[in-house]
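Chemist: I would like to see how this sequence folds:
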Amino acid sequence: MRERCASYKQTLHYMRKIKLTILLTFAVFIGHSQAKNFIDQPYIEVNGSADTLVTPNEIFIRILLSEKDTRDRVSIEDLELKMVNTLKSLSLDIEKDLTTSDMSSNFKFYLLKSKDIIKTKLYTLKVKDAVTATQVFIKLEEIGISNTSIERVDHSDLENIKNLMRTKAISDAKARAITLTKSLNQTVGQAIHITDTENFNQQLQGRVAGIQIRGATTIQNDFKELPKIEFEKIKVIANISAKFILK
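Modeler: Numbering: from 1, shown residues only. Predicted coordinates:
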């Protein structure tokens, strides 16, 4: 009885191995057939590209408040209040566009060699253009806040711009395919394979092309004449690789 059971188990194991081998062979055959059908088709492979320059409409300004930056050791709370009132005077939406870098919004403390504790607080302010950014720098300087810099620049509609460049890039790829096959008396058919390389080249690191300050004596309170701040435009490049059937 035991011998019969052992023999039955061996037979069942052997049948399972045969079934698995058949399934694997079938899967490999199907995959090979599909690859072969794809390669056997006459096709042309081309690359397409498109690019554009976009003026940033989101400028992020880094503002560091520190007690040690003031001669009379103005408290961080007073500096913060002055900053908020100054930004409001420029008609900026403080609730929406001014944020603190600390998740808990707590002050940071630094212990110097003299064992003197200095409080600091870091802010990020978003403005829409270079003129407003200039106004912010001037007004904050007037109230004793000079530790400011451009953190980065961006564009609010960047994703749509990327998609537009993708559309132009695939059109460019097809135009190239048509040009290459025109003298061969062949026509370009539908696309059978498209690869988006996602190789977008974006200048979004807050690079400043040039800062020219005309001098404090020429700067009017009504901002009729402002120092020039020019930001590099954001460059977006899309690259597409495509295969088209040849007829």
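
Chemist: what's the burial count for Gly48?
Modeler: The number of residues packed near Gly48 is 21, by other Cβ atoms under 10 Å. To be clear about C-beta, it is placed using only N, CA and C from the backbone, and glycine gets the same treatment.

Chemist: now do it against Asn147, distance only.
Modeler: Going from Gly48 to Asn147 by Cβ to Cβ, to the nearest Å gives 46 Å.

Chemist: can I assume Ile59 sits in a strand?
Modeler: Yes - residue state for Ile59 (DSSP: H, G, I helix; E, B strand; the rest coil) corresponds to a strand.

Chemist: and it, what is it in contact with?
Modeler: By Cβ atoms under 8 Å, 6 or more residues apart in numbering, the contact set of Ile59 is 126-130, 132-133, 150, 153, 231.

Chemist: and the buried ones among those residues, selectable in PyMOL?
Modeler: Here is the PyMOL command that selects the buried residues among the contacts of Ile59 (16 or more other Cβ atoms under 10 Å):
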select buried, resi 126+127+130+132+133+150+153+231
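
Chemist: list just the nearest of the contacts of Ile59 to Thr197.
Modeler: Ranked by distance to Thr197 (Cβ to Cβ), the contacts of Ile59 are led by Val153 at 24.1 Å.

Chemist: quick check, the closest one in contact with Glu230.
Modeler: No - with contacts counted by Cβ atoms under 8 Å, Val153 stays clear of Glu230, the gap being 11.5 Å.

Chemist: now for the chain, the helix or strand with the poorest mean pLDDT.
Modeler: strand 208-212 (a mean of 39; mean pLDDT, DSSP states H and E).
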